[in-house]
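A.B. asks: let me see the structure of the following:
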Amino acid sequence: MTTSRANNNQAAPATAGAKGLHLVSGGQPDPPESPPRASSGFQGRLPANEHAWRTRQLNDSGLNADAINTLVGTGVLLRIRRGCYVRTTYWESLTWLGQEKARIFLHAHTAVASERTRSVYSHASAARLHGLPLWKADDFIHITRAGKSSTAEKASDVRVHCLQLRDDECSVIDGLPVTNLLRTTVDCALTMNYQQALILMDHALRSGIHRATLEKEAQALDGHRGIRIFRAALNFASALSESAGESLTRDLIRTCGIEPAQLQFTVSTRKGLYRADFAWPAYKVILEFDGAGKYFKYRPTQEVLRDERIRENCLIELGWSIIRIEWADLFNQHAFKTRLVAALHKGGMK
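C.D. replies: This next block holds a predicted model:
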């Protein structure tokens with residue numbers, strides 16, 4: 001298992017993000033960066049239709065080491081990794097997920113193309129390229145290859161996994177070699193914590209991977225490091241959890257010792273059908289997870305809020321109690337349990 005540099009970003013909706021990242025094709029790997037020389041002024045300029053460059057390409061544009069350092073110091077360029085620079089305005093225009101994907105493309109631009117050994121993006125990097133929901137995943141570049149490579153291992157932002165992959169375990173996304181959805185899910189579940197693995201297991205089932213297929217993988221991995229978490233996440237996984245937040249909410253309900261809810265429960269109201277994330281029909285309690293992207297991704301905010309209020313009023317008319325939670329509520333177990341148990345007791349739970 002690799003050492004995790006966990007970030008605190010919460011799972012975000014999958015978006016293209018890194019589209020429009022125009023990279024100049026590179027030939028040989030860049031030589032080691034030389035120390036700044038005496039400034040001789042800007043001897044070139046950044047091409048307007050490009051967003052990212054290797055050191056050698058900036059040199060070819062007429063920018064020496066001093067000029068590059070000045071562009072970085074004044075905020076025009078951002079140094080993403082050794083020997084790789086991005087136009088700052090472009091980088092800041094990307095979503096968080098877009099930046100994560102862009103880091104992988106930039107790695108491919110500066111490293112993988114020069115590697116003789118076949119490299120395939122895997123683990124969290126493959127998950128990002130597939131658009132899978134990740135929560136507090138590390139931000140390393142993960143690659144899998146049959147043999148070791150000294151070049152990649154020198155990079156502090158890269159983690160190399162040594163494994164001979166079959167052709168049917170690999171695919172291509174936007175021109176990059178990547179492990180397929182099943183292999184990616186298995187790799188991540190073996191190296192992540194339980195909650196992270198559960199989110200990906202839920203997504204795998206939701207995406208059409210059969211539980212029997214994952215159980216077969218678990219059987220073949222008996223005794224493998226991480227298999228206990230893999231099996232625990234698979235045993236609790238459900239295709240009915242539609243987001244990372246819903247997966248974590250379902251697990252929190254279990255942790256609190258509260259009886260399981262019915263997922264994606266449909267209620268008929270005078271304004272049509274209402275589908276609840278979690279429902280306890282016997283006690284007429286609905287729990288909704290309001291993730292950031294849930295309501296505001298497709299329609300104007302005010303319209304969505306108005307429609308939601310109308311539907312909620314219809315439910316209240318039918319005697320339902322509605323509890324809404326957000327990301328922060330998932331990390332205050334006592335308050336969460338108190339609110340939910342109070343509503344369930346009010347509805348008649350003993």
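
A.B. asks: surely H161 is within a strand?
C.D. replies: Yes: counting by DSSP: H, G, I helix; E, B strand; the rest coil, one finds H161 located in a strand.

A.B. asks: might one say that it is in contact with H142?
C.D. replies: Yes: between H161 and H142 a contact is recorded at 6.6 Å, counting by C-beta atoms under 8 Å. All C-beta spots, glycine's among them, are computed from the backbone N, C-alpha and C.

A.B. asks: which neighbours do these two share?
C.D. replies: Taking C-beta atoms under 8 Å, 6 or more residues apart in numbering as the criterion, H161 and H142 both touch 122-123.

A.B. asks: so which of these two has more stuff around it?
C.D. replies: Taking other C-beta atoms under 10 Å, H161 and H142 do not tie; H142 has more neighbours (26 against 16).

A.B. asks: which residue is the nearest non-sequential neighbour of that one?
C.D. replies: The shortest distance from H142 to any non-neighbouring residue, by C-beta to C-beta, 6 or more residues apart in numbering, is to H123 (3.7 Å).

A.B. asks: tally of neighbours for that neighbour?
C.D. replies: By the criterion of other C-beta under 10 Å, H123 has 26 neighbours.

A.B. asks: cool, and G347?
C.D. replies: If you count neighbours by other C-beta under 10 Å, G347 ends up with 16.

A.B. asks: and the gap between it and R311?
C.D. replies: Separation of G347 from R311 (C-beta to C-beta, to the nearest Å): 19 Å.

A.B. asks: what sits against L330?
C.D. replies: So L330 contacts 245, 248-249, 252, 336 (C-beta under 8 Å, 6+ apart).

A.B. asks: rerun at 6 Å
C.D. replies: L330 is in contact with 248, 252, counting by C-beta atoms under 6 Å, 6 or more residues apart in numbering.

A.B. asks: send the alpha carbons of stretch 136-152 over as CSV?
C.D. replies: Extracted in CSV, the C-alpha atoms of stretch 136-152 (Å, rounded to 0.1, in the frame of the first residue of the first chain):
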residue,chain,number,x,y,z
LYS,A,136,-9.8,12.2,0.2
ALA,A,137,-7.8,10.1,-2.2
ASP,A,138,-4.0,10.7,-2.4
ASP,A,139,-2.8,13.0,-5.2
PHE,A,140,0.1,10.9,-6.4
ILE,A,141,0.4,9.8,-10.0
HIS,A,142,-0.1,6.0,-10.0
ILE,A,143,1.3,3.9,-12.8
THR,A,144,1.5,0.1,-13.1
ARG,A,145,4.2,-1.6,-15.2
ALA,A,146,5.7,-5.1,-15.4
GLY,A,147,9.1,-3.9,-14.4
LYS,A,148,10.7,-1.1,-12.4
SER,A,149,11.9,2.2,-14.0
SER,A,150,14.5,4.4,-12.3
THR,A,151,13.3,7.5,-14.2
ALA,A,152,9.8,7.4,-12.8
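
A.B. asks: which parts of it are buried?
C.D. replies: Buried residues in stretch 136-152, defined by neighbour count with 16 or more other C-beta atoms under 10 Å: 136-145, 149, 152.

A.B. asks: please apply the same query to stretch 189-202.
C.D. replies: 189-192, 194-202.

A.B. asks: now, the most widely separated pair of those?
C.D. replies: In the buried residues of stretch 189-202, two members sit farther apart than any others by C-beta to C-beta. They are T191 and D202, at 17.5 Å.

A.B. asks: what's the burial count for T89?
C.D. replies: Neighbours of T89 (other C-beta under 10 Å): 11.

A.B. asks: which of the helices or strands spans it?
C.D. replies: In this assignment (DSSP states H and E), T89 forms part of helix 88-93.

A.B. asks: perfect, I'm done here.
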